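Novice: one predicted model, sequence on top.
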Amino acid sequence: MVLFFTSTATSPPSLIYMGKDKVENEELIRFGLKNDVWFHVDKLSSAHVYLRLPGYITWDAIPEKLLIDLGQLVKANSIEGNKKNNVTIIYTPHENLKKSGDMATGAVSFFNDKLVKRVYIPTRENAIVNRLLKTKVVKEVDHEAERIERLRDEGRGKKAKANELKNAALELQRSHTEQKNARSYDALFSEENGYVADAPVTKAKPKSKPRYNSDGEEIDGSGGSEGGDGGGSDDDFW
C-alpha cells in the first residue's frame, strides 16, 4: 500500500507519497522516478517519504515551505524522531539511492554523498502535520504496470516532440524558399507565376500602290519605269 499526500505549499499543489511499511519501501526504491526526491530522518528510523517534483522545480531548489511540509511529515512518521526536537531530515534525488543485495529490507545508501542535502526541523508543528493528514489517500499500486504505462507515455511524448521539430524544420525551410524566390527576378517573372512575355512584333513593310506610266504600263515600286534608271516621270500618276 502507498500513502499519498498533497502539499499546498506550492501552486499548483505538490504530490508526496510514502510506503506503508519497509516491504513497500523496497518497491518504491525499485520503481521510483527520476523526478522523485527521497526524504528520511538522519541517523534514525523513519518512513521513506518521496516528493514527486513538479516540472518547474529542481531537487536542489525546493521552496522552503514545501521542504518544511516534507520535514514535518517525515518527523511525524519516525517513532523516535517524532519525540525529539531539532531533528535533521536528509534528502536526495531518487537516482542517487544505492541498493545492494546485502542490505537489510528498506535500507539504502548513496552513490554520491555530495548530492545529499539537509533541512532542520526544530519541533513538530501539528497544524502542518494535520493539514497534510487530511489529504491522505491510500492506494494499492501495481508498480510494474505503472512503469510500463509510463514508458509508453514517454515514448508517445518523444514521438510527438520529434514530429513537432520535423514540422517546424519543414516550415522554416519553406519560409526560406519563399523568401529566396521573392528576391529572385527570374522567379518573379516566370511562367509558373502567371507571367507570359509578349512576343516580339515585326512590322510589315508598307505595300506601295501600283504606279503606271503615260502608256498605261505598270512600273515597279521604286518609282522608275521598266528598264529605266528608277527616276520619276512628270507623267506619273496615282
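Specialist: Now that the structure is in, tell me what you want to look at.

Novice: from the chain's centre, how far out does stretch 81-93 sit?
Specialist: 38 Å (C-alpha atoms, centre = their mean, to the nearest Å).

Novice: can you give me the first-to-last residue distance of that stretch?
Specialist: 22 Å (C-alpha to C-alpha, to the nearest Å).

Novice: give me the contacts around it.
Specialist: Here stretch 81-93 makes contact (C-beta atoms under 8 Å, 6 or more residues apart in numbering) with 34, 36-44, 46, 51, 59, 70-71, 74-76, 78, 110, 115-124. No exception for glycine: its C-beta is placed from N, CA and C like everyone else's.

Novice: pull out the buried residues from the residues you listed.
Specialist: By neighbour count, with 16 or more other C-beta atoms under 10 Å, the contacts of stretch 81-93 hold 36-42, 44, 46, 51, 59, 70-71, 74-76, 78, 119, 121, 124 as buried.

Novice: so P54, which of the three states?
Specialist: Look at P54: counting by DSSP: H, G, I helix; E, B strand; the rest coil, its state is coil.

Novice: contacts only, for it.
Specialist: 10, 12, 14.

Novice: cutoff 10 Å now
Specialist: With contact set as C-beta atoms under 10 Å, 6 or more residues apart in numbering, P54 has these partners: 10-15, 35, 62, 66.

Novice: show me what counts as buried in whichever helix in the chain runs longest.
Specialist: Using DSSP state H, we find that the single longest helix of the chain is helix 143-182. Buried positions in helix 143-182, judged by neighbour count with 16+ other C-beta under 10 Å: none.
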